[in-house]
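[1] Quick one, what's the 3D model for this:
(chains A, B, C and D, ligands or ions: 4)
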Amino acid sequence: MAKMMYREAVRNTIFQEMKRDDSVVVLGEDVVGGMGTDGGPEAIGGIWSTSTGLFDEFGADRVIDTPISESAIVGAAGGLALSGKRPIAELMFADFIGVSLDQIWNQIAKFRYMFGGKSRCPAIIRMVYGAGYNAAAQHSQSPHGILTGMPGLKVVMPTTPADVAGLLRQAIRTDDPVIFMEHKALYAMKGEVPDDPDFTIPFGHARLTRAGEDVTIVATGMMVGMAEKAADKLAEDGIGADVIDLRTTSPMDEEAILDSVEVTGRLVVVDEAPPRCSLATDIAALAAEKAFASLKAPVQMVTAPHTPIPFARELESAYLPNPDKVEAAVRKALAYN
Amino acid sequence: MAKMMYREAVRNTIFQEMKRDDSVVVLGEDVVGGMGTDGGPEAIGGIWSTSTGLFDEFGADRVIDTPISESAIVGAAGGLALSGKRPIAELMFADFIGVSLDQIWNQIAKFRYMFGGKSRCPAIIRMVYGAGYNAAAQHSQSPHGILTGMPGLKVVMPTTPADVAGLLRQAIRTDDPVIFMEHKALYAMKGEVPDDPDFTIPFGHARLTRAGEDVTIVATGMMVGMAEKAADKLAEDGIGADVIDLRTTSPMDEEAILDSVEVTGRLVVVDEAPPRCSLATDIAALAAEKAFASLKAPVQMVTAPHTPIPFARELESAYLPNPDKVEAAVRKALAYN
Amino acid sequence: MQLSREDLLQAYRRMKTIRDFEELLHDEIQTGEIAGFTHLYCGQEAVAVGVCEHLTDDDKIVSTHRGHGHCLAKGCDVTGMMKEIWGSREGLCKGKGGSMHIADTDKGMLGANGIVGAGAPIAVGAAMAAKLDGKDADGKLRVAIAFSGDGACNQGTTFEAMNMAVVTNAPAIIVFENNHYSEHTGYKYAVGTKQDIASRAEAFGMKVWRADGTDFTAVYETMREVLEHVRAGNGPAAVEFDTERFYGHFEGDPQRYRGEGEMDRIRAERDCIKNFRKTVTEAKLLEGSDLDKVDEEVAKTIADAVAAARAADRPTAEDVLTDVYIDY
Amino acid sequence: MQLSREDLLQAYRRMKTIRDFEELLHDEIQTGEIAGFTHLYCGQEAVAVGVCEHLTDDDKIVSTHRGHGHCLAKGCDVTGMMKEIWGSREGLCKGKGGSMHIADTDKGMLGANGIVGAGAPIAVGAAMAAKLDGKDADGKLRVAIAFSGDGACNQGTTFEAMNMAVVTNAPAIIVFENNHYSEHTGYKYAVGTKQDIASRAEAFGMKVWRADGTDFTAVYETMREVLEHVRAGNGPAAVEFDTERFYGHFEGDPQRYRGEGEMDRIRAERDCIKNFRKTVTEAKLLEGSDLDKVDEEVAKTIADAVAAARAADRPTAEDVLTDVYIDY
Ligand SMILES: Cc1ncc(C[n+]2csc(CCOP(=O)(O)OP(=O)(O)O)c2C)c(N)n1
Ligand SMILES: Cc1ncc(C[n+]2csc(CCOP(=O)(O)OP(=O)(O)O)c2C)c(N)n1
Ligand SMILES: [Mg+2]
Ligand SMILES: [Mg+2]
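    Ligands and ions are numbered 1, 2, ... in the order given. Okay, the predicted model is just below:
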């Protein structure tokens, strides 16, 4: 075990996998930094420091610094993957799926199906998402719901450094296209990461981070921390909560949710995205369809409001779910008879 | 009242509103057709014949034929709208939100909020969606769920020629950005359209197309017909269904759904899109949250599977919801105790 | 012309196969037997064949919505394609893709594409892969080629791809097939530059060529130069071929955008297959009878393919659910 | 130089206001008082001011992530902007937008923009609107201008917009501010063309100009020509200004990409405000004391604005929910 930050787990896992497998290639804006400048390459190694030192080790053909052209970045990842490589493309902000969605949605997600199973597209699109930095409406979004809805993609949302390592390695070794979502507010989070160079976490297996029998709280990414804080608070009052960190939303561990709800009968979903047609509604609908007999109270959804993300500190924090809102939702679910 | 096709209702409403209001402008690929050819303008008037004759009447500054550049089309609509015009941009296929999503999602939807309420963006993005033509994975999609989830947009999905006229006129006279989704399989549908040149249908008011007390079926677009057929069949067995055509999904008429479920206690949602994080889950979640006390059975969702849209006739028809599947879902809901 | 008799026959066979394949579809579409959207390549055969005759399975191409010609030229199986267009589960894509999504990655054919302009970035990625794989024993790189129409060349993705190819010095080639129309719009309207499509590519830093796309020899010889340049590692290139689309954008297109007599003129003067026949027979490189023999063979191939497509297994509802993921 | 004394003082006041505004932010960002991402315009003032001095409120501009200079030059209220950056509900955008989304449509300022390259299509739309509105009594069109960086010029949207502007003959202008860097990457790497950014625009069919963006007079006079061309209805244009970014891409940027002595050199030789002072005083168009007086006024304006921003009302949780729609 080694202690490291979430962002270091990203960088180190990529580094190790690039060492292990020549076909792994990284591309994106400023993933090298300094290209075409007097200062020279490696000025930065990604503005999130998630590719530091890769260029020095692996060179320009495997660590490809690109112009600001997200469609071409994702498209190139598709072409690399169809040609036998394992590209890891970086979108500096998940909000930039706006300028590259076609290549994600209509191209890499669908190649295998459209081609009748005759192709392999092991492309990873890493993207940095989430609020918490007052980066406002175009640099703070959490579009995991949109991507989860797209057949052909796998969607991964690690919460801890260990999960970053295990899930990213799994993603790199997977033959299907993977959306790998890194929450910017978690980058500095520290945690133990297993040393095993083959440490992987299979997709579709949720992590139970708190156990209790009164209520089920389902969350991803930064919302897991909110849920845990609420659960800890509730525990002081003798209220027990299962907190389920989904880890991957496609495939999603339906069983973990349904099994827990069967015991608790009450479900609270926490989602950083706006409320409509979202992961929150997806999970609530799952319960309404498949856990109906167990449900003892209306499903509670704690989400962002149906608004863009505001800039000011007061506004952003009012916008986001937080432990108090989660706690209130749990209490509401428990109060129902 | 005049009898006309759904596509004619689109074209005629635009024509009338352009006559009435100089600020209404149309833009898109081949909306004129024949530009730069020996044959000359008006070779086609839109490949869906939804802009026939507009160029002859209103000229090149108001009927703007564009290159194949969807980002620039939607972006230009944004710029026109911020400058006091009422642009109606056409995406020939809704699938092309892939190449223009940023301008829809991060620009026109958010201007007013980001600018603190100081701007007006009355842009309409018309798009042709839906399956039924064996047009396969990239020309058949129904991305209404994705767009409904985006704060700042209003999303309209007319089902009949009359609704086209009333809702499109409402959209043109609305000061917010509107996504206007036209189902390609409905274009040839005929129906009566009111002659009133000010006929509008307010957003957020669903239409009850069948009434019954045993089950609530919610649908949009082409799915309304499927729901109606199923309802008619069920009626023969004495089973009464409310069929709710939502008309607009943002804003959505929650009351109509909740009031009906309060009576029926059983809900079936029919959605042409894949199942995850979709409009279907949105409505199911609404019921799980706000109609829990009335629900007597698990919510049933009849949707496309979590796959891209296949080409072959047999595959596409297996892919799509149909009256039989709706009927089976209703019977399943009724069988539950 | 440095082509051997064999090469010429092969080129002719490929062009004629495309022509007959498409003419057949043209007829069948009228009967309603074929589902979906089908865009015919007739008239442009010399481009696909003149380009792809230089390639091996290790070179990649990315095609367009008008992709049959590219697929056939790159070696996709005729019967497999016909079955695909018929929507059979024996089709090259199991009936899931159809006309606009035919692919065969084993042949280096990375897919037709229903999204105009989507191909160029994918080709640049494939070219990056080729660059990473390095040169072969002869000091040559594998290449990746994107076909693009005169309409697709206005899509932002195509521009981004050109710049990125130059920046990364990838062995990518964009082949612009200027058939003068994107759907119903003339390229003179939609391509705003005062010059031509190639000149825009040149401004991006690509080396460019231009040639008559209805003249097989011109296409073939131009591509020889283009490929020499790119395979040697000199970076990406673009080439613009002036060509003709013999049918409407889609079947049923009234083609009101055509000039008077245009169809007759292009059929008479700009038919790449007629022109090929004329050139090679006049130059006594091949006899008319050699070509007639190919015609017969091709006619049989196509007839057999259609018969096989008609008889082939239909897909079932269960087939909808497979091939979404490799690993579920 | 045909500018009156008044005009020169006005231009200097605007440039100096931007400079002081940004220097102040530079300091305040260190203290952590300002939330979010802030990109400083220092060094590029002559471009924003040299362009916008020609415009009225009926002309539109669309800006970038580095938008403060454009906003101030277009006449946005200094205090309103400061309050916005402070996240106050009295801010120009009620604290909802912040640095990257400042707008004031009444002033023809259609928004800073966090998405690199998003502005050009919006400007083309605004230019279409201007074309539709037609010429004024003097036979001039209103125009719409998109500012773009040397990085943003590689985004597909910018290319699409240029072509569309040419095709529709819209009175649109793209102002390329080449400050040599997109974040940490040199433009010589990311802009692949063998020539410059303007040459690419030219290939799209735009009329282009180039000038030194650190020389106010050069910017101003070039823009006079550009605008004469465009306002007369001759179609869109582009202009590339060579300029300098005095600070890092973001605050805290170690700027390891800079050459040795680069910062000192550009501060010494390429400071548009210093250069302006020197030119106008040497030419005896203004006295040093005139400019000193402006400096004082500006210092006070900025100090007052900050004080007002600090004292201004904070937004509340309810404010989150308003302004999503005009009509709910
Ligand atoms: C992104 C996108 N926009 C629009 C279309 C609709 N469309 C299909 S083909 C076509 C014209 C393409 O013209 P060109 O590139 O010249 O190719 P050609 O049809 O002449 O082979 C258009 C507009 C599409 N498929 N994808
Ligand atoms: C679509 C998109 N891609 C990437 C970014 C991240 N980003 C913000 S500014 C910037 C560099 C822009 O460079 P340039 O256009 O030269 O403007 P400058 O910063 O020099 O003013 C990048 C890559 C973004 N905001 N939007
Ligand atoms: Mg064409
Ligand atoms: Mg720059």
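
[2] confidence score at the residue in the stretch 101-250 of chain A that ligand 1 sits nearest to?
    Among all residues of the stretch 101-250 of chain A, A:Asp102 sits closest to ligand 1, at 7.3 Å; criterion: Cβ to the nearest ligand atom. Where you see a C-beta, it was placed from the backbone N, CA and C, and this is true even at glycine. Here, the pLDDT recorded for A:Asp102 equals 98.

[3] Quick one: the strands in the stretch 151-300 of chain A, in order.
    A:154-156, A:178-183, A:190-193, A:207-210, A:215-219, A:241-245, A:248-250, A:267-270, A:300-302 (DSSP state E, counting those that start in this stretch).

[4] Looking at the ones you listed, which is nearest to A:Gly59?
    For A:Gly59, the closest of the strands of the stretch 151-300 of chain A is strand A:178-183, at 23.2 Å, according to Cβ to Cβ.

[5] May I have stretch A:150-157 exported as CSV, CA atoms only?
    This file holds the C-alpha atoms of stretch A:150-157, laid out as CSV (Å, rounded to 0.1, in the frame of the first residue of the first chain):
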residue,chain,number,x,y,z
MET,A,150,-25.7,6.0,-24.1
PRO,A,151,-25.6,2.3,-25.1
GLY,A,152,-22.1,1.1,-25.9
LEU,A,153,-20.4,3.2,-23.3
LYS,A,154,-19.2,2.1,-19.9
VAL,A,155,-19.2,4.9,-17.3
VAL,A,156,-16.9,4.9,-14.4
MET,A,157,-16.9,7.4,-11.5
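
[6] Spatially nearest residue to the residue of the stretch 101-250 of chain A closest to ligand 1, not counting backbone neighbours?
    B:Gly98 (3.0 Å; Cβ to Cβ, 6 or more residues apart in numbering or on different chains).

[7] near ligand 1, which residues of chain C show up?
    Counting by Cβ under 6 Å from any ligand atom, the residues of chain C close to ligand 1 are C:64-66, C:114-117, C:149-152, C:179, C:181-183, C:245, C:249.

[8] Run a quick neighbour tally on A:Ala335.
    Look at A:Ala335: counted by other Cβ atoms under 10 Å in any protein chain shown, it has 8 neighbours.

[9] just to revisit the earlier point, among the residues of chain C next to ligand 1, name the ones in strands.
    Judged by DSSP state E, the residues of chain C next to ligand 1 include C:149, C:181-182 as members of strands.

[10] Please state the mean pLDDT value computed over stretch A:81-88.
    For stretch A:81-88, mean pLDDT rounds to 98.

[11] What of stretch A:270-282?
    98.

[12] Tell me if the residue nearest to A:Asp102 really is in a strand.
    No. Read with DSSP: H, G, I helix; E, B strand; the rest coil, B:Gly98 is helix and lies in no strand.

[13] Let me see the contact set for it.
    Contact analysis of B:Gly98 by Cβ atoms under 8 Å, 6 or more residues apart in numbering or on different chains lists A:101-106, C:115.

[14] do that again at 7 Å, thanks
    Residues in contact with B:Gly98 (Cβ atoms under 7 Å, 6 or more residues apart in numbering or on different chains) are A:101-102, A:105-106, C:115.

[15] Would you quantify the distance from it to chain D?
    13 Å (Cβ to the nearest Cβ, to the nearest Å).

[16] do A:Gly40 as well
    As judged by Cβ to the nearest Cβ, A:Gly40 and chain D stand 8 Å apart.

[17] Counting neighbours, what do you get for that residue?
    A:Gly40, neighbours per other Cβ under 10 Å, totals 15.

[18] Report the secondary structure state of the closest residue to it other than its chain neighbours.
    Spatial nearest neighbour of A:Gly40, chain neighbours left out: A:Gly34 (5.4 Å); criterion: Cβ to Cβ, 6+ apart. Of the three states, A:Gly34 takes coil under three-state DSSP.

[19] close enough to count as contact, A:Gly34 and D:Ser182?
    No. Using Cβ atoms under 7 Å, A:Gly34 is not in contact with D:Ser182, being 11.8 Å away.

[20] can you pull up the bridge partners for A:Val193?
    On the basis of DSSP bridges, A:Val193 is bridged to A:Ala2.

[21] residues touching it, list them.
    By Cβ under 7 Å, 6+ apart, the contact set of A:Val193 is A:1-2, A:4, A:9, A:161-162, A:165.

[22] ok, 6 Å please
    Counting by Cβ atoms under 6 Å, 6 or more residues apart in numbering or on different chains, A:Val193 makes contact with A:2, A:4, A:9, A:161-162, A:165.

[23] So which of the residues you listed is the closest to D:Val175?
    Closest to D:Val175 out of those is A:Ala9 (42.5 Å), distances taken as Cβ to Cβ.

[24] what about the closest residue in space to A:Met92 that isn't next to it in sequence, neighbour count?
    Nearest-residue entry for A:Met92: A:Glu29, 5.8 Å, with adjacent residues in sequence omitted and distances by Cβ to Cβ, 6+ apart. Using other Cβ under 10 Å, A:Glu29 has 27 neighbouring residues.

[25] Could you do the one 10 residues further on as well?
    The tally of other residues near A:Gly39 (other Cβ under 10 Å) stands at 21.

[26] Span of stretch C:172-188 from start to end?
    Length of stretch C:172-188, first residue to last, Cα to Cα, to the nearest Å: 26 Å.

[27] wait, does that stretch contact chain B?
    Yes. Using Cβ under 6 Å from any Cβ of the partner chain, stretch C:172-188 reaches chain B at C:182-186, C:188.

[28] tell me which residues in that stretch are buried?
    Along stretch C:172-188, these residues count as buried under the neighbour rule (16 or more other Cβ atoms under 10 Å in any protein chain shown): C:172-187.

[29] Could you do stretch A:184-192 as well?
    Those would be A:184-187, A:189, A:191, for stretch A:184-192 by 16+ other Cβ under 10 Å.

[30] neighbouring contacts of it?
    A:1, A:3, A:5-7, A:128, A:130, A:132, A:160-162, A:222.

[31] Between all of the residues you listed, which two are at the greatest distance?
    A:Met1 and A:Gly132 (27.5 Å).

[32] okay, those two: which has more neighbours?
    A count of neighbours by other Cβ under 10 Å puts A:Gly132 above the other of A:Met1 and A:Gly132, at 15 against 10.

[33] Am I right that A:Val128 is in a strand?
    Yes. Counting by three-state DSSP, A:Val128 is found in a strand.

[34] and it, what does it touch?
    A:93, A:182, A:184.

[35] For D:Lys16, state which of those is nearest.
    Closest approach between those and D:Lys16, by Cβ to Cβ: A:Phe93, at 33.6 Å.
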